[in-house]
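# got a predicted model here, sequence first, then my questions.
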Amino acid sequence: MAIIIRCGCEAVYEQIEIRVTEWVEDSADCQVCGYVLHSWRGHDMLSFNLIKNPTGYKSTLACTVAPPDRVSRKS
Ligand SMILES: [Zn+2]
């Protein structure tokens, strides 16, 4: 089930609850203004998809995983 979250900066997120087996403690910041949208602890992880960006700026902050090319290779 998805819940719609609106940040103070007018960004709109779809909040998705994911049940996980491990105990998690984390929080999510607004990708536009940095305000903490939500924090959680327990067995339910929250995921936020930005569905409306008031600035029109395409954020790259959602991608936190380093690209595989960063792995150093010995030539
Ligand atoms: Zn915001």
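That came through fine.
# contacts, neighbours, all on C-alpha from now
Fine.
# and the chain, which residues reach the ion?
By C-alpha under 5 Å from the ion, the part of the chain that sits against the ion consists of 7, 9, 30, 33.
# where does this structure have low pLDDT?
For the chain, the stretches with pLDDT under 70 are 1, 57-75.
# next, count neighbours for the closest residue to residue 10 other than its chain neighbours.
Sequence neighbours aside, residue 54 is the residue nearest to residue 10 in space, at 5.8 Å (criterion: C-alpha to C-alpha, 6 or more residues apart in numbering). Other residues lying near residue 54 total 11 when counted by other C-alpha atoms under 10 Å.
# closest one of the residues of the chain next to the ion to residue 23?
For the residues of the chain next to the ion, the minimum distance to residue 23 (C-alpha to C-alpha) is 23.1 Å, reached by residue 30.
# re earlier: what's the ChimeraX syntax to select whichever of the residues of the chain next to the ion are buried?
Under the burial definition 16 or more other C-alpha atoms under 10 Å, those of the residues of the chain next to the ion that qualify are selected in ChimeraX by:
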select :7,30
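# the ion versus the residue nearest to the spatial centre of the chain, what's the distance?
Nearest to the mean C-alpha position of the chain, by C-alpha atoms, centre = their mean, lies residue 48 at 4.7 Å. Distance, residue 48 to the ion, by C-alpha to the ion, to the nearest Å: 12 Å.
# that residue - nearest residue in space that isn't next to it in sequence?
Excluding its sequence neighbours, the residue lying closest to residue 48 (C-alpha to C-alpha, 6+ apart) is residue 15, at 4.7 Å.
# for the helix or strand hosting the one you found, buried residues please.
Per DSSP states H and E, residue 15 falls inside strand 12-29. By neighbour count with 16+ other C-alpha under 10 Å, strand 12-29 contains the buried residues 12-16.
# what are the contacting residues of it?
1-7, 35-53 (C-alpha atoms under 8 Å, 6 or more residues apart in numbering).
# so the nearest residue to residue 55 once chain neighbours are set aside versus residue 6, what's the distance?
Leaving out its chain neighbours, the residue that sits closest to residue 55 by C-alpha to C-alpha, 6+ apart is residue 32, at 7.8 Å. From residue 32 across to residue 6, the span is 12 Å (C-alpha to C-alpha, to the nearest Å).
# nice, that's everything, thank you.
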